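Engineer: this is a predicted model, with the sequence first.
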Amino acid sequence: MMDVLSAIQGRRSIRKYKDKPVEEEKLQKILEAARLSPSARNQQNWKFIVVRNPETREKLTNEAIGQPFVGEAPIILVCCGTDPESIMKCGQPRYTVDLSIATAYMILEAYELGLGTCWLGSFDENKVKEILDIPEKVRVVSITPLGYPDESPAQKPRKDLDEIVSYDKYE
């Protein structure tokens, strides 16, 4: 079993998928990772849509700026916030924080299970909502294809810690 830091270090955004179905047991573990993720006030104001239908995946691919790899994966996960009006004291919308955490947990679990993902933010939210019959008030935060990687890119350079960390005050 891999540790969390190893998963974080090894995970890549996958843009090429094998034509191989994802086992139901693995999908359920990934969804369980989302279910168990923390949320503001433990409200769990979210809904996760598992899209397997090929025609629906093709429509979502078109709305994800036509990136062909999106529809290559046998599953597309669509992560939705069901209470977009709720704002944390710090001024951040709860749903964006909560769904970002849940999506991160899912992509790390997917990686541990030998699956690939690619967090997408380039999509037309209104068209995605129309395709999936998502209510108007619900917000789509993230979309990720889910499947077996056909190739894994090399790690991109990361900034050194001293470039991104300050102690005791912002520097």
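Structural biologist: Received the coordinates, thanks. Numbering: from 1, shown residues only.
Engineer: now the strands for the chain?
Structural biologist: 46-51, 75-81, 116-117, 139-147 (DSSP state E).
Engineer: out of those, which one sits most buried?
Structural biologist: strand 116-117 (a mean of 26; mean count of other C-beta atoms under 10 Å). For every residue, glycine as well, the C-beta is placed using N, CA and C.
Engineer: residues contacting it, please?
Structural biologist: 12-14, 17, 73, 77, 106-107, 110-111, 144-149, 152 (C-beta atoms under 8 Å, 6 or more residues apart in numbering).
Engineer: state the distance from the residue nearest the centre of the chain to Leu146.
Structural biologist: For the chain, Thr103 is the residue whose C-alpha lies nearest the centre (C-alpha atoms, centre = their mean; 3.9 Å). In this view, Thr103 and Leu146 are 11 Å apart by C-beta to C-beta, to the nearest Å.
Engineer: re the thing from before, and Arg35, which of the strands of the chain is closest to it?
Structural biologist: Of all these, it is strand 46-51 that lies closest to Arg35, at 8.5 Å by C-beta to C-beta.
Engineer: follow-up on the earlier one: TSV please, covering the strands of the chain and showing distance to Ala40 and mean pLDDT.
Structural biologist: Formatted as TSV, the strands of the chain follow (distance: least, C-beta to C-beta, whole Å; pLDDT from 0 to 100):
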stretch	distance to Ala40	mean pLDDT
strand 46-51	11	98
strand 75-81	11	98
strand 116-117	24	98
strand 139-147	14	97
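Engineer: for the residue nearest to the centre of the chain, give me its contacts.
Structural biologist: Ala34, Cys79, Trp119, Val141, Ser142, Thr144.
Engineer: can you do 6 Å?
Structural biologist: Counting by C-beta atoms under 6 Å, 6 or more residues apart in numbering, Thr103 makes contact with Cys79, Ser142.
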